[in-house]
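[1] Fold the stuff below for me.
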Amino acid sequence: MMFKKALTFLEIIIVLILLGIFYSAFILKFDIKDNQLDVATDRLILYLKQTRIQALIDNKFDPNDNLWHKKRWSLKFLRCNKDVGGLYYAIYSDTNQTGQIAKSETLKDPLTNQYIYSDNQCDYYEDRSKYVLLTKEFDITDVKVSCNDTTSLGQLSFGSSGELYSKLSNEAHKHFEYLVKRACEITLYNSKGDISVIVIEPHTGFIQKKSKI
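    So this is what the prediction gives:
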């Protein structure tokens, strides 16, 4: 009789433990889903900081190249093709100065060794970071860049002193014209209407998430 009671009690403990595990997994699953916007924001901040650091250690100035500034390390937001839909971004240095982003020109994630890059097919590849797929991976439906001087969604380029530029000019004498002089905000929107804002300070290029009021 005592053995049966003990066994029943043990069974209850096991059931409670299993319920706790399943409950934790359930909550974690939905927390991750609900925090997709935060994850996308934090990863974008991390990649922006990496872009700035890369610019600091890789000065693109070349006195023999009038368009050397087009090689500045940049992060650019782009649209997937119409059949796929959605948004993505890439980090690159336009070494061939064509304005077209090639995978070989893009920066690599130091933790995964994956290219911070996608093409407009916005598909998953083993050698490419999934974090650049803003819509497909994180349900980001729109991006607004307050300092955008391009005809695209936005391009942010860093100089060798960490300063921020809003465009890569096609004219040699205008390469300082797009130096950002006011704080630039990147606003991410998801399908639920939630937003998250990243602020990049002028001159220093300091990057942080804007506090929610």
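[2] List the neighbouring strands of whichever strand or helix holds Thr187 plus their orientation.
    Counting by DSSP states H and E, the element that carries Thr187 is strand 184-190. If you go by DSSP bridges, strand 184-190 pairs up with strand 140-145 (antiparallel), strand 195-200 (antiparallel).
[3] Return the set of buried residues in the last one.
    By neighbour count on 16 or more other Cβ atoms under 10 Å, the buried set for strand 195-200 is Ser196, Val197, Ile198, Val199, Ile200. Any C-beta I mention is one placed from the backbone N, CA and C, and that applies to glycine too.
[4] which one is the third one nearest to, not counting chain neighbours?
    Among residues not flanking Ile198 along the chain, Ile186 sits closest, at 4.3 Å (Cβ to Cβ, 6 or more residues apart in numbering).
[5] The one you found: how many residues sit nearby?
    Applying other Cβ atoms under 10 Å, we find 25 other residues in the vicinity of Ile186.
[6] Just confirm it contacts Leu44, I think it does.
    Yes: between Ile186 and Leu44 there is a contact at 7.3 Å, judged by Cβ atoms under 8 Å.
[7] quick one, phi psi at Ser104?
    The phi and psi torsions at Ser104 (degrees, to the nearest 10) take the values phi -70, psi -20.
[8] Out of the helices and strands in this protein, which is least certain?
    The weakest-scoring helix or strand in the chain, judged by mean pLDDT, DSSP states H and E, is helix 2-34 (a mean of 48).
[9] Name the residues of stretch 111-118 that are buried.
    Quick answer for stretch 111-118 (16+ other Cβ under 10 Å): Gln114, Tyr115, Ile116, Tyr117, Ser118.
[10] Determine how far the last residue of that stretch lies from the first.
    18 Å (Cα to Cα, to the nearest Å).
[11] And for stretch 78-92?
    Rule used - Cα to Cα; the end-to-end distance of stretch 78-92 is 13 Å.
[12] so how far is it off the chain centroid?
    12 Å (Cα atoms, centre = their mean, to the nearest Å).
[13] What about Asn96, how many residues nearby?
    12.
[14] Brilliant, that's me finished.
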